[in-house]
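> Structure, please.
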Amino acid sequence: MRTSSLLRAPAALVCVVILALAPADSHAFMHSDRKRELAALARETWLHAYKSYKRVAFPSDEVLPLSCKAQGHDRVNLENVGVNDVMGDYALTLVDSLDSFAILGDREGFENGVREVIQWVDFDKDSRVQVFEVTIRMLGGLLSGHMLATNPKRGYQLPWYRGELLALARDLGRRLLPAFNTPTGIPFPRIHLQHGVRKGETTETCAAGAGSLLLEFGALSRLTGDPAFEEAARKAFFATWNRRSDIDLLGNTISITDGKWLHGVSSTGAGIDSFFEYAAKAYVLFGEDEWWRVWDESYSAIMRHIRAPDGFWYRGANMHTGQLASVLVDSLSAFFPGVQTLVGDLESAIKAHAVYAFQWKRYAGLPELFDINRRVAVSLGYPLRPEFIESNLYLYQATKDEFYLEIAEQVLHDINNRTRVDCGLAAILDLTTGALEDKQPSFVTAETLKYLFLTFDEDNPFNHDDTNMVFSTEGHMLELDSRPLVGRKRRTIPPEVLSCPAYDPTASDRHQNLLSLSVARRTDFEHARFLTGYQVQDEAREIREGRWSEDGVCEIPTSEDYSIELLFASSTDTEDVAPGPSKVRQTADGTVHIASISGLRFALTRAWPGGSEGFLVSRVAQYRVPVGSVVRIGDPAVLASIPALRLEKVHLHIAIKKHDDVQATSIVVPALAANFGPHVGSSAAPKGSFALSQPALPLRSRSPEFAYGCEPHHDTAVVPSKIWGSGTKSALDGQVLVLRRGLCSFARKAHWAALAGAKAVIIINTADGEDEMIVPSAEGDDKDLKALVPLVMVSNSTGVRLEELLRGEVEALVRPEEPKESTIQPLVLGGYTVSNVILERR
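Take a look at the predicted model:
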């Protein structure tokens with residue numbers, strides 16, 4: 001993504017979002033031949049830009065397309081940070097574009113590029129550069145090139161290559177490390193490649209500049225075995241994150257000496273953007289839960305305080321209060337829909353992308369700054385940034401909605417029609433007049449045209465990648481086959497966190513046009529168009545193609561709450577802001593235990609972004625609830641007000657003793673409890689019942705002629721107990737019977753057992769039903785059966801083994817137990833369903 005005086009953005013898949021149903025939109029079907037034509041045009045456009053650089057500017061850093069000259073480090077005006085932050089006389093465009101050859105399928109071009117990097121690039125330069133820019137462009141480009149040159153799976157392995165790019169990356173990394181030598185660990189924003197940090201260097205940096213070094217520095221440590229790089233980037237990241245406000249928002253600029261925020265406006269745009277991106281993608285690349293937890297908490301705060309009520313704009317907000325602080329939205333924030341797509345929040349991504357799409361339609365480019373209050377662009381330059389194009393790519397990959405192909409086609413044509421000149425592609429200085437600027441930033445060939453090509457080249461292997469590969473914020477492909485961890489122990493979160501809901505436009509009728517499932521026909525998109533001030537030029541066409549109707553209405557949407565706070569107190573005066581451990585405590589695994597709920601404040605966050613699956617408790621008083629952890633409530637008042645659910649899963653603790661055994665053999669087997677009759681989980685069961693709260697009962701297997709228990713039991717003889725020393729017992733009185741499934745209903749078996757004096761029934765499933773364990777249920781004809789005992793069912797293999805153990809002169813006792821992995825019961829707190837709470841009833 002991008003940054004100059006602004007900053008950065010997304011890439012890579014956090015999880016697989018699968019297309020459930022392709023949108024049907026008759027006017028928008030794009031034939032595969034047309035896609036191939038557009039892919040060819042995108043390739044040719046890339047080649048024009050890159051070859052212009054090679055012909056005119058190489059080995060300098062960038063080409064000046066209007067004057068047809070080369071641009072490198074400005075040694076006349078050393079304070080020209082617009083140039084010198086990025087360019088250090090190290091063949092920038094060559095290195096930044098290296099992995100684009102792989103995307104284009106050009107092995108020869110990649111190999112030639114690697115040879116040229118080895119020949120021309122070194123960092124022993126009299127150049128003062130920006131740490132962030134040289135990291136994402138140069139260090140990222142070298143690492144990506146090295147990974148491609150050494151990975152046989154990608155098809156770009158070079159047999160003659162001996163790790164030269166990695167050696168260059170390590171040299172560059174070591175030259176950057178002195179920038180991190182600060183009281184906070186937050187790096188100086190600029191460093192001299194030969195002399196380190198100069199005296200009097202500025203101590204003000206931005207959140208993105210401090211926190212967006214993780215992928216490159218982490219990958220460098222994993223590849224070289226030197227932990228210094230990753231440790232420095234990690235320290236800088238958390239030095240920034242740990243200074244967030246009480247409402248989990250980051251500011252924009254911060255002092256590296258004392259960690260004080262210098263500009264306390266939070267947003268998803270310039271100065272903060274790629275901090276969020278790298279939190280999500282560091283989890284993908286490295287597999288450590290700490291990165292995902294930062295993403296999860298920061299995203300919750302963004303959705304609550306920065307997102308507009310209609311769900312389209314993400315505005316600047318005061319980091320301490322969440323109040324609106326700016327009505328200007330910059331083009332760099334167009335990265336955010338891409339990251340939302342990558343983490344699976346498609347509904348939010350679709351809406352966030354729409355306002356940038358309509359801006360493009362209005363201006364034939366994306367203006368640098370847009371005033372959302374006046375609905376007009378206030379900075380009309382477009383320096384060929386990739387953020388919006390990348391988000392558009394991800395949304396097309398996730399939805400296959402051809403609305404995004406149409407947008408990409410317009411972008412490709414606008415770039416060619418408005419910026420193409422003899423010596424490359426020139427940035428647009430003014431979108432309204434068409435005036436051009438004499439620069440072609442290296443990210444044009446590193447990102448912008450790469451993402452356009454990928455949008456149309458649907459068979460490209462990188463569009464079907466299912467590894468931990470991520471695109472960095474500069475579009476560099478980074479992947480680690482084994483994710484070797486240097487110096488620290490990895491912790492991971494439960495794998496179910498990675499499950500993303502499939503895109504299914506039929507799943508909800510919200511915003512849907514009943515005649516079309518295309519995103520372009522959503523009923524709330526008229527509102528998005530209005531927000532950007534885009535005026536439709538051909539109203540008749542809009543009506544003809546179904547987007548407008550003479551009888552239609554404009555929906556002004558509202559977004560569902562993403563996070564909510566609930567206070568269980570009569571007023572804030574009685575809130576318990578810092579409850580002691582006797583009331584609330586947190587264990588090492590993240591579980592929060594609550595003895596009394598009175599006076600506590602709960603923070604709830606949507607269980608799934610953009611979904612309707614309810615909420616998760618994310619904070620209780622001063623305790624954060626980590627992703628994957630639960631809240632256990634043992635407050636008697638709460639337990640008394642919420643009826644217990646019937647347990648479906650139980651464990652049977654069985655003790656078996658033969659006549660010559662000194663001690664009994666104990667086994668525990670899983671079972672499913674019936675959903676009718678007496679409940680094994682009842683806390684009010686009569687004494688001597690088969691229930692969680694009661695002692696173990698004798699267990700008996702029936703003889704073959706009574707194995708199914710579908711008729712009255714006739715054996716009523718009294719037999720002595722030789723083993724347990726408990727006197728004499730009726731054959732079935734007080735016993736738990738083991739019966740086989742079949743011949744009659746579950747309820748009939750429980751009924752005849754009850755009439756014979758038995759206390760419960762254990763059913764052995766049929767062999768052909770081994771893979772279909774179901775909760776035993778009563779049938780319609782069983783409604784008149786009044787006498788019933790608890791019934792549970794075990795698998796066939798378990799039951800057959802149990803029958804074998806019960807043969808011969810043996811006695812056994814059995815009692816039900818609640819599984820240690822307690823069932824999480826959805827609860828309604830303050831009118832909201834939460835799904836990570838366990839009630840501790842014992």
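> residue closest to the middle of the chain?
V343 (3.3 Å; Cα atoms, centre = their mean).
> Would you map the strands across the stretch 251-400 of the chain?
With DSSP state E, counting those that start in this stretch as the criterion, the stretch 251-400 of the chain has strands at 253-255, 261-263, 265-266, 316-318, 324-326, 328-330, 369-371, 376-379.
> okay, those, which one's buried deepest?
Most buried of the strands of the stretch 251-400 of the chain by mean neighbour count (mean count of other Cβ atoms under 10 Å) is strand 265-266; its value is a mean of 26. The way it works is simple: take the backbone N, C-alpha and C, and place the C-beta from them, glycine included.
> Adjacent strands (with direction) for it?
Its sheet considered, strand 265-266 pairs with strand 316-318 (antiparallel) by DSSP bridges.
> any idea how far G211 is from Y50?
31 Å (Cβ to Cβ, to the nearest Å).
> no, scratch that, I was asking about Q440
29 Å.
> cool, and V736?
Separation of V736 from G211 (Cβ to Cβ): 60 Å.
> Low-confidence ranges, the stretch 501-650 of the chain, go.
Residues of the stretch 501-650 of the chain meeting the criterion pLDDT under 70: 501-517, 546-561, 608-613, 643-646.
> Tell me where it has helices.
With helices called from DSSP state H, counting those that start in this stretch, the stretch 501-650 of the chain shows them at 525-532, 539-544, 636-641.
> Please tabulate those helices in JSON lines and include distance to L41 as additional columns.
Formatted as JSON lines, the helices of the stretch 501-650 of the chain follow (distance: least, Cβ to Cβ, whole Å):
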{"stretch": "helix 525-532", "distance to L41": "27"}
{"stretch": "helix 539-544", "distance to L41": "25"}
{"stretch": "helix 636-641", "distance to L41": "63"}
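> Can you check which of the ones you listed gets nearest to F456?
helix 525-532 (23.2 Å; Cβ to Cβ).
> buried residues in the closest one?
Within helix 525-532, the residues scored as buried using 16 or more other Cβ atoms under 10 Å are F525, E526, H527, A528, R529, L531, T532.
> Any idea which helix or strand in this structure has the lowest mean pLDDT?
strand 718-720 (a mean of 45; mean pLDDT, DSSP states H and E).
> Just to check, E164 is in contact with E116?
No - look at E164 against E116 with Cβ atoms under 8 Å: they stay out of range, at 11.5 Å.
> measure G145 to L104 for me?
From G145 to L104 the distance is 14 Å (Cβ to Cβ).
> More neighbours: those two, which one.
Comparing G145 with L104 by other Cβ atoms under 10 Å, the one with more neighbours is G145, at 29 against 22.
> Neighbours of V577, how many?
V577 has 10 nearby residues by other Cβ under 10 Å.
> show me what contacts it?
If a contact means Cβ atoms under 8 Å, 6 or more residues apart in numbering, then V577 has R601, A621, Q622 as its contacts.
> Is the last one in contact with G580, as I believe?
No - look at Q622 against G580 with Cβ under 8 Å: they stay out of range, at 10.9 Å.
> Comparing those two, which shows the higher neighbour count?
When Q622 and G580 are compared for neighbours, Q622 comes out ahead with 12 against 9, by other Cβ under 10 Å.
> does K450 sit in a helix, a strand or a coil?
helix (DSSP: H, G, I helix; E, B strand; the rest coil).
> Repeat that for the one 4 residues further on.
L454 carries the three-state label helix when classified by three-state DSSP.
> hang on, it packs against P461?
No - assessed by Cβ under 8 Å, L454 is found out of contact with P461, at 10.6 Å.
> So for those two, which residue has more residues nearby?
In this view L454 and P461 are compared by other Cβ under 10 Å, and L454 has more residues nearby, 25 against 13.
> what's near enough to touch the more buried one?
L454 sits next to I103, L393, N460, F462, N463 when contact means Cβ under 8 Å, 6+ apart.
> By neighbour count, which of those residues wins?
That'd be L393 among the contacts of L454, by other Cβ under 10 Å, with 25 neighbours.
> ok, now which ones touch that residue?
Going by Cβ under 8 Å, 6+ apart, L393 touches G338, Y404, A408, Y451, L452, L454, T455.
> isn't the fourth one right up against F388?
I take that to be Y451. No - counting by Cβ under 8 Å, F388 is not a contact partner of Y451; they are 9.5 Å apart.
> So which of those two has more stuff around it?
A direct count of neighbours by other Cβ under 10 Å for Y451 and F388 places F388 higher, at 29 against 25.
> roughly how far apart are the nearest residue to L369 once chain neighbours are set aside and D371?
Closest residue in space to L369, ignoring its immediate chain neighbours: S379 at 3.7 Å, by Cβ to Cβ, 6 or more residues apart in numbering. For S379, the distance to D371 (Cβ to Cβ) stands at 10 Å.
> likewise N417?
Plainly put, N417 is 27 Å away from D371 if you go by Cβ to Cβ.
> ok, now S331?
Distance from S331 to D371, by Cβ to Cβ: 13 Å.
> OK, contacts around the spatially closest residue to E575 that is not a sequence neighbour?
Leaving out its chain neighbours, the residue that sits closest to E575 by Cβ to Cβ, 6+ apart is A569, at 5.1 Å. A569 makes contact with E575, D576, S598, G599, L600 under the criterion Cβ under 8 Å, 6+ apart.
> which of those count as buried?
E575, D576, G599, L600.
> From those residues, which land in strands?
Among the buried ones among the contacts of A569, no member falls in strands (DSSP state E).
> Reformat those as JSON lines; add distance to T587.
Compiled in JSON lines, the buried ones among the contacts of A569 are given as follows (distance: Cβ to Cβ, whole Å):
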{"residue": "E575", "distance to T587": "24"}
{"residue": "D576", "distance to T587": "20"}
{"residue": "G599", "distance to T587": "21"}
{"residue": "L600", "distance to T587": "17"}
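> any idea which of those residues is closest to P678?
Nearest member of the buried ones among the contacts of A569 to P678, counting by Cβ to Cβ, is L600, at 35.9 Å.
> surely that closest one meets V592?
No - under the criterion of Cβ under 8 Å, L600 makes no contact with V592, lying 10.1 Å away.
> joint contacts of the two?
With Cβ under 8 Å, 6+ apart as the test, L600 and V592 both reach V584, V620.
> Now do the buried residues in the biggest helix by length in the chain.
In terms of residue count, the longest helix belonging to the chain (DSSP state H) is helix 32-56. Residues 35, 38-39, 41-43, 45-46, 48-50, 52-53, 56 are the ones in helix 32-56 that count as buried (16+ other Cβ under 10 Å).
> Done for today, thanks.
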